[in-house]
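Asks: I would like the atomic coordinates for the input below:
(chains A and B)
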Amino acid sequence: MGPPPGLRARVLVPARTPARRRLAWLPSVAAAAAAVAFYMLAASARRDLSDELRTGEPRSEAIARALAAELGGDETARAVAARLIELNEATAGAADDPGLSLDAGSDRHD
Amino acid sequence: MTEPASRPWVRPAFMKWSLAAFLLLIPVVAHAVWAYVEAEHFRRTVAEIRSRAEPVTLGEIRPRPVHDEGFRSDRYYRAAAVLASNRPQEQSFFERVRAAERKGDWPAGLADDMKRQIGEREDALQLLDRAAPLTFEGFSLGTEGASLALFPLARLAGLRTMSLILEGRGDPATASLYAELRLRPVVEWAWPIFRAPVEEVDRVGRVLSSTHPTSTALARIARALADLDRDNALKQWFMRRRAMLFNSTFGDGPFPRWAMTGAVFDVVGLRGAVLGRFLGQPWFESQMRGRAERLSVVIAALDQEWPERADAVTRAYDGLSPAPNDPLLRRPDVSMSKQIVDDLALVRAARVAVAIERFRRDHAERMPARLDDLIPDYLDAVPVDPYSGWPLLLRAEPRSYAVYSVGPNRRDDNGDFSLLRFSQGVRESRDVGLRIQRRS
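Replies: Here you go, the predicted structure:
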């Protein structure tokens, strides 16, 4: 017993439609996933290149080294330099703010 | 009654939107793939250069100092540069001096003005003199400000040398010239793309022609000149150029990484910094990689011996398949290579001239009969003429002598330094060298 097959089909087809609708978005989802994957791969390659091709030491380390040398160059001087930079970062944002840099490079004499 | 099988699988509205989304995503995927391919390609290019044990960063070309002595000279040079910094109104004065130097005509009062300028910066020059004999191994950190201020220091040192030459004081002029010559690698360290010491070498000729320095004083500039006589100068220059390109593309270089792409999008009124970086990145990388690969071909060509090496850059470009930006890049590269070869010939001529003068001081002002007579006391070997591959030439004249290279026309014009032509923006003379007036 039950509804006639035609009626049964008409009732059940709409219930399956959301799955089919979702399936229609599959190419778009796959394309988006591919784009994300390739962008991530590109970013990884660029990160490697950036690490390999940068010239100097981190700027904060360079500043710490120069400051430590100015303060005498011993262990205490290095500790004081590190502390000063921490304080500088805490109060002014970042050690590599050109306005606060101890680097002679930020000076302009010309 | 409608049959279920005849119903659309997905309603047309959904189908339309999913198709639109897919079509919109196609360029995004293409851009992502392009970005990945370019980044990987760039990585392979860098790896290939590394496999040839060639430098890819400026840090490998100009290492940081590790010894105390290097650090000391760094401090002296910085301090001297700061003290030498000039004021805007002095620009016209330096231009007057340069014009007088070029013409050899010194207007009344200019020499006094020069002395006054030197007197005002005496402290800078004292620091420079202290730094000169020390080994320079690079600035400990931060080069931008110091390197800018090195130019006024170099100019001031040149002013002092000229002033002493005008006074006819040979040994002090030679000592000043020594400091100038020693300063040149320092400037070059800070400014990786920089020419050879042409003005200083010109002053070597003036010192030798116009004054009579002792053999001891000359021995110092002989050493300084020998340090500047770098057989691999051409290759070094192009490797620096490539390292700077890498450094500005991916590293922490001095040039804004996305200036090019950002600027393009700024022009069309979009958010240049962000959108330009994102969309233009692969294009920018492909441009930089193409440039790096062409520079690598040029660098490989520079392994040849002289005189083939003198034309290697031109020939390397001739052998490359044309690229759209060739007219923009080929000319500066070729003209710079010509300039470097010319400068090298000039530095070598100066070395020989200084050796001849030392020989004359030790031999009652007698000229050596041949350049070989200078070996081994004054030169290890007669420097090779980069334009001929043979030793430099000496031409003795009644009251002077010329030490020279056959020049870009590869012909011995008997020490004729007159202009032959302008080629690729470079002044080409018939022969390249120095003519020294003999004083006894």
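Asks: Sketch out the low-pLDDT regions of the chain for me.
Replies: This is for chain A. Chain A contains residues with pLDDT under 70 at A:1, A:11-19, A:55-110.
Asks: other chain: chain B
Replies: Across chain B, the ranges flagged by pLDDT under 70 are B:1-14, B:63-71, B:86-89, B:140-148, B:191-196, B:251-274, B:276, B:325, B:424-425, B:440.
Asks: And the lengthiest helix in it, what does it pack against?
Replies: Ranked by residue count under DSSP state H, the longest helix found in chain B is helix B:12-51. Other helices and strands packing on helix B:12-51, by 3 or more CB pairs under 8 Å, 6 or more residues apart in numbering or on different chains; DSSP states H and E, are helix A:5-24, helix A:26-53, helix B:233-249, helix B:277-301. Backbone N, C-alpha and C define where each C-beta goes, glycine included.
Asks: Quick one: those as a markdown table, columns for mean neighbour count and distance to B:Glu60 too.
Replies: Shown next, in a markdown table, are these (neighbours: other CB atoms under 10 Å in any protein chain shown; distance: least, CB to CB, whole Å):
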| stretch | mean neighbour count | distance to B:Glu60 |
| --- | --- | --- |
| helix A:5-24 | 12 | 54 |
| helix A:26-53 | 16 | 10 |
| helix B:233-249 | 22 | 7 |
| helix B:277-301 | 19 | 14 |
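Asks: among the ones you listed, which is nearest B:Ser18?
Replies: Closest to B:Ser18 of the helices and strands packed on helix B:12-51, according to CB to CB: helix A:5-24, at 4.4 Å.
Asks: hang on, the earlier thing: okay if I get the helices and strands packed on helix B:12-51 as JSON lines plus distance to B:Tyr404?
Replies: Shown next, in JSON lines, are these (distance: least, CB to CB, whole Å):
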{"stretch": "helix A:5-24", "distance to B:Tyr404": "81"}
{"stretch": "helix A:26-53", "distance to B:Tyr404": "42"}
{"stretch": "helix B:233-249", "distance to B:Tyr404": "19"}
{"stretch": "helix B:277-301", "distance to B:Tyr404": "26"}
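Asks: Which of those helices sits closest to B:Arg399?
Replies: Taking CB to CB, helix B:233-249 is the member of the helices and strands packed on helix B:12-51 nearest to B:Arg399, at 33.1 Å.
Asks: The closest one packs against which elements?
Replies: Counting by 3+ CB pairs under 8 Å, 6+ apart, helix B:233-249 packs on helix A:26-53, helix B:12-51, helix B:58-61, helix B:277-301, helix B:312-319, helix B:326-362.
Asks: report the angle between the axes of the fourth one and helix B:326-362?
Replies: Comparing the axes of helix B:277-301 and helix B:326-362 via axes from the mean of the first three to the mean of the last three CA atoms, to 10 degrees yields an angle of 40 degrees.
Asks: ok but B:Leu394 is inside a strand, no?
Replies: Yes. Assignment of B:Leu394 by DSSP: H, G, I helix; E, B strand; the rest coil places it within a strand.
Asks: contacting residues for it?
Replies: B:Val352, B:Ile356, B:Pro368, B:Arg370, B:Leu371, B:Tyr401, B:Ala402, B:Val403 (CB atoms under 8 Å, 6 or more residues apart in numbering or on different chains).
Asks: Same check on B:Met367?
Replies: B:Ile356, B:Phe359, B:Arg360, B:Ala396, B:Tyr401, B:Arg438.
Asks: Does it belong to a helix, a strand or coil?
Replies: coil.
Asks: All the helices of the stretch 51-200 of chain B, residue numbers only.
Replies: B:58-61, B:68-84, B:91-103, B:110-120, B:122-131, B:144-166, B:170-190, B:198-210 (DSSP state H, counting those that start in this stretch).
Asks: got the buried residues for the first one?
Replies: By neighbour count on 16 or more other CB atoms under 10 Å in any protein chain shown, the buried set for helix B:58-61 is B:Leu58, B:Gly59, B:Ile61.
Asks: Please go through the residues you listed and note which also touch chain A.
Replies: When CB under 8 Å from any CB of the partner chain is applied, the members of the buried residues of helix B:58-61 adjacent to chain A are B:Leu58, B:Gly59.
Asks: Relative to chain A, which of the buried residues of helix B:58-61 is nearest.
Replies: Chain A lies nearest to B:Gly59 out of the buried residues of helix B:58-61, by CB to the nearest CB, at 3.9 Å.
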